[in-house]
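Engineer: pasting the sequence and the predicted coordinates here, then a few questions.
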Amino acid sequence: MIEPKTRSPHCGFAAVIGAPNAGKSTLVNALVGSKVSIVTPKVQTTRMPVRGVAIRGEVQIVFVDTPGIFKPRRKLDRAMVESAWAGANDADAILLIVDAADFVAQPKGLGAQDTHRIVEGLKKNQKKAALLLNKIDGMKRTDLLPLVEAFNADGVFDEVFLISALKGDGVEDVAKWVAARMPPGPWLYPEDQAADIPSRLLAAEITREKLYLRLHDELPYAAAIETEKWTENKDGSVRIDQVIFVEREGQKGIVLGKGGQAIKKIGELARKEMEDIFARRVHLFLFVKVREKWAEEREHYKEIGLEYPKDEN
């Protein structure tokens, strides 16, 4: 382990929360300086907390990319939302990121409703946070100022940042604010580690990203990836066997594509990124199976690091 070159190390957790598609994963990747969370246009892409590790001087910050907080409808939804709130309640700093452009364009839309719900949750839990108004590119100052004033009236936010997570604008100011709030203590990770996620799970997330990007308009939300086998080869390469679970037979055909072209392309894109991230040759084998109630199975929640939710009364 590379020890931090400092006499007074600080280390802590910063939870990034927000409505689905507000830009949480893009922000965490920008703060860490490398890709640790998958990013797609599909809502509720992030299903589990992903920890990205960043260093600012003598401070090590563990940014927790949480699932989007929204009104849950299914068991999986409830597990994701509960995980997000757990991450916020345990953090040393909380960042609430808001899609400012969407909020202004649709003040009564789902994103705005979810954001209001989160603010009320912060009040209920007596939590302070920083507000990050994201996606401000091209927005008028006359639209942003009333938005800032409205949020400040809630009395929840210690600071407000205007950012573009995608372009990196304002991101470093956020990092400095978080670093100043990390408690004294030894670093939790080696200096060269950017993420805390098992390789098998990271590989599954990479494939899920490529699946969503390739089939975003065709494939329903109900698809999951599991890494069934991870085989180390003598030549230093790795064989990865993964299963794509869908809920209906018709969805299987969508994933496979005509003549198997869709799954072939998904596999090519996923393998290439895995080789870049793992810095080794990867032999990736993808299989598609129909499992109607995978989202109800306790074992799947354990696989992706979520608590199986208790049945509602």
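Structural biologist: Here it is on my side, so go on. Residues are numbered from 1 along each chain as shown.
Engineer: show me the contacts for E82.
Structural biologist: Residues in contact with E82 (C-beta atoms under 8 Å, 6 or more residues apart in numbering) are E307, P309. All C-beta spots, glycine's among them, are computed from the backbone N, C-alpha and C.
Engineer: cutoff 10 Å now
Structural biologist: By C-beta atoms under 10 Å, 6 or more residues apart in numbering, E82 lies in contact with P67, I69, P72, L306, E307, P309, K310.
Engineer: and if you look at M48?
Structural biologist: Shown in contact with M48 (C-beta under 10 Å, 6+ apart): 65-67, 79-80, 83-84, 197, 201, 205, 301, 303-306.
Engineer: go again with 7 Å.
Structural biologist: P67, S83, I304, G305, L306 (C-beta atoms under 7 Å, 6 or more residues apart in numbering).
Engineer: could you do A223 as well?
Structural biologist: Contacts for A223 were tallied using C-beta under 7 Å, 6+ apart; they are L211, I244, F245, V246.
Engineer: reformat these as a markdown table; add neighbour count.
Structural biologist: A markdown table is the format used below for the contacts of A223 (neighbours: other C-beta atoms under 10 Å):
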| residue | neighbour count |
| --- | --- |
| L211 | 25 |
| I244 | 23 |
| F245 | 22 |
| V246 | 22 |
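Engineer: in strands, which of those fall?
Structural biologist: I244, F245, V246 (DSSP state E).
Engineer: ok, back up a step: and the contacts of A223, which two are the farthest apart?
Structural biologist: Using C-beta to C-beta, the contacts of A223 span at most 11.0 Å, a distance reached by L211 and F245.
Engineer: backbone dihedrals for the nearest residue to K293 once chain neighbours are set aside, please?
Structural biologist: Nearest residue to K293, sequence neighbours excluded (C-beta to C-beta, 6 or more residues apart in numbering): E247, at 7.7 Å. In terms of degrees, to the nearest 10, the main-chain angles of E247 are phi -90, psi -20.
Engineer: quick one, domains of the chain?
Structural biologist: Recorded structural domains for the chain (assignment: automatic domain parsing) are 10-179, 198-303.
Engineer: hey, which of those domains is tucked in deepest?
Structural biologist: Greatest average neighbour count among the domains of the chain goes to domain 10-179 (a mean of 19), per mean count of other C-beta atoms under 10 Å.
Engineer: from one end of it to the other, what's the distance?
Structural biologist: End-to-end distance of domain 10-179 (C-alpha to C-alpha, to the nearest Å): 8 Å.
Engineer: closest one of the ones in strands among the contacts of A223 to R271?
Structural biologist: Nearest to R271 among the ones in strands among the contacts of A223: I244, at 14.4 Å, using C-beta to C-beta.
Engineer: wait, what's in contact with the closest residue to that closest one other than its chain neighbours?
Structural biologist: Closest residue to I244 apart from its sequence neighbours, by C-beta to C-beta, 6+ apart: V288 at 4.8 Å. V288 makes contact with I244, V246, K252, V255, L256, I263, according to C-beta under 7 Å, 6+ apart.
Engineer: could you export those residues as CSV, including pLDDT and distance to P20?
Structural biologist: Converted to CSV, those look like this (pLDDT from 0 to 100; distance: C-beta to C-beta, whole Å):
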residue, pLDDT, distance to P20
I244, 94, 22
V246, 90, 21
K252, 92, 26
V255, 93, 23
L256, 93, 28
I263, 95, 26
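Engineer: for L284, state which of those is nearest.
Structural biologist: The closest of those, once distances to L284 are taken by C-beta to C-beta, is I263, at 10.8 Å.
Engineer: now do the one helix or strand R271 maps to: which elements does it pack against?
Structural biologist: Per DSSP states H and E, R271 falls inside helix 261-278. Secondary-structure packing of helix 261-278 (3 or more C-beta pairs under 7 Å, 6 or more residues apart in numbering; DSSP states H and E): helix 199-215, helix 249-256, strand 282-290.
Engineer: can you give me the offset of that helix from its chain's centre?
Structural biologist: What separates the centre of helix 261-278 from the centre of its chain is 20 Å, taken as C-alpha atoms, centre = their mean, to the nearest Å.
Engineer: need the CA coordinates for that helix. PDB is fine.
Structural biologist: Extracted C-alpha coordinates of helix 261-278, given in PDB (Å, rounded to 0.1, in the frame of the first residue of the first chain):
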ATOM      1  CA  GLN A 261     -25.900  -9.400 -34.200                       C
ATOM      2  CA  ALA A 262     -27.100  -7.400 -31.200                       C
ATOM      3  CA  ILE A 263     -25.500  -9.600 -28.600                       C
ATOM      4  CA  LYS A 264     -22.400  -9.900 -30.700                       C
ATOM      5  CA  LYS A 265     -22.000  -6.100 -30.700                       C
ATOM      6  CA  ILE A 266     -22.800  -5.800 -27.000                       C
ATOM      7  CA  GLY A 267     -20.100  -8.400 -26.300                       C
ATOM      8  CA  GLU A 268     -17.500  -6.600 -28.400                       C
ATOM      9  CA  LEU A 269     -18.100  -3.300 -26.700                       C
ATOM     10  CA  ALA A 270     -18.100  -4.800 -23.200                       C
ATOM     11  CA  ARG A 271     -15.000  -6.900 -23.800                       C
ATOM     12  CA  LYS A 272     -13.100  -3.900 -25.100                       C
ATOM     13  CA  GLU A 273     -13.900  -1.800 -22.100                       C
ATOM     14  CA  MET A 274     -13.100  -4.700 -19.700                       C
ATOM     15  CA  GLU A 275      -9.700  -5.100 -21.300                       C
ATOM     16  CA  ASP A 276      -9.000  -1.300 -20.900                       C
ATOM     17  CA  ILE A 277     -10.100  -1.400 -17.200                       C
ATOM     18  CA  PHE A 278      -8.600  -4.700 -16.200                       C
END
